[in-house]
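Visitor: Predicted structure and sequence below. I'll ask about it afterward.
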Amino acid sequence: MLRNSVIGDVFIELSEIDSTNNYAMQLINEGMAEHGMCIRADFQTHGKGQLGNTWQAEESKNLLFSIILDTQGFSLQKQFELNAVACISMAELLMTSFTMKDICIKWPNDIYAEGKKIAGILIENNIRGTAWSNAVIGIGLNVNQQTFIDVNRATSMYLLTGKTYKLNMVLKPFLKIFNQQFKKFQQNVEIIELYNSMLMNVGKTVMFKRNHEMYSGLLHGVDKQGNLEMSVQGKMKSFKHREVELMLD
Ligand code: BTN
């Protein structure tokens, strides 16, 4: 895969597509992809969310984009760290470029602002045997949308700041931050500590669901693989993604 040194320098804008992640995957499969390509769409007809859910966003109101990364040479053990890079970059964007308050990461990869979800991340990896070939980082950030079906759980930059934003003026600083964070990832700089410092409810007692039963535990953070570390009834435990669901308070 051709390697562009700056992520986002090759930029594709689409008015409508099924999903920017699908488009990126298609480019990869056709041998047309380049490392660092960024694909943004005004509207997705089949936007994909986590766990097979759909990602719905009003036309031209939100950032819907995917970044193609060549991950050859990186250990598969670093998959969660790449997820952390995306989460940290998005949280940092909202905090530093737009001075938004009360921003945190809900494990494993949702970005919350003032207690409601503002951005979601869906990473799709191509793995051949034991080699990590490439990754597509798909991000949906609610920017100018004013109404949501689930108003208690979703929010947007507009709803929190009362301002409207040019979408590319939000994407540009994001890409700058993402480039910096990705460099750290390449240099094996420890980033999980930073991720944990932004983690929702870290250091607090949280309720979680496991095998349809509710438990409580003290949330310590995640390890490098993204396993959730909690003390439950005084014992340190580690939980995999999908093994437990964290409840919001
Ligand atoms: C989530 O469920 O929280 C993840 C949502 C990810 C949505 C983005 S929008 C751009 C990219 N293309 C997709 O189809 N999904 C991701």
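Guide: Looks like it arrived, so ask away.

Visitor: so what's whatever residue of the chain ends up closest to the ligand up against?
Guide: Of all residues in the chain, the one sitting closest to the ligand is G120 (2.2 Å; CB to the nearest ligand atom). C-beta: built from backbone N, CA, C; applies to glycine. Counting by CB atoms under 8 Å, 6 or more residues apart in numbering, G120 touches 49-50, 55, 109-111, 139-140.

Visitor: rerun that using 7 Å as the cut-off
Guide: G120 makes contact with 49-50, 55, 110, 140 under the criterion CB atoms under 7 Å, 6 or more residues apart in numbering.

Visitor: Now it: closest residue in space, sequence neighbours ignored.
Guide: G140 (5.1 Å; CB to CB, 6 or more residues apart in numbering).

Visitor: Over to S60?
Guide: According to CB to CB, 6+ apart, the nearest residue to S60 is D42 (4.6 Å).

Visitor: And for K209?
Guide: Distances taken as CB to CB, 6+ apart put E245 closest to K209, at 4.5 Å, once the chain neighbours are dropped.

Visitor: Backbone dihedrals for the one you found, please?
Guide: Main-chain dihedrals, E245, degrees, to the nearest 10: phi -120, psi 130.

Visitor: ok, now how distant is it from I28?
Guide: Counting by CB to CB, to the nearest Å, the gap from E245 to I28 is 31 Å.

Visitor: what do you get for K176?
Guide: K176 sits 24 Å away from I28, taking CB to CB as the criterion.

Visitor: Tell me the residues on this protein that lie near the ligand, please.
Guide: 19-21, 44, 47-50, 53, 55, 64-66, 110, 120-122, 138-140 (CB under 6 Å from any ligand atom).

Visitor: how about a cut-off of 5 Å?
Guide: Taking CB under 5 Å from any ligand atom, the part of the chain that reaches the ligand is made up of 19-21, 47-50, 55, 64, 120, 122, 138, 140.

Visitor: Report the buried members of these.
Guide: For the residues of the chain next to the ligand, a burial check counting by 16 or more other CB atoms under 10 Å picks out 19-21, 47-48, 55, 64, 120, 122, 138, 140.

Visitor: Pull the distance from stretch 16-31 to the chain's centre.
Guide: Counting by CA atoms, centre = their mean, to the nearest Å, stretch 16-31 is centred 18 Å from the centre of its parent chain.

Visitor: what mean pLDDT would you report for it?
Guide: For stretch 16-31, mean pLDDT rounds to 97.

Visitor: So which residues make contact with it?
Guide: Here stretch 16-31 makes contact (CB under 7 Å, 6+ apart) with 33, 39-48, 64-66, 68, 122, 124, 126, 134, 136, 138.

Visitor: Brilliant, that's me finished.
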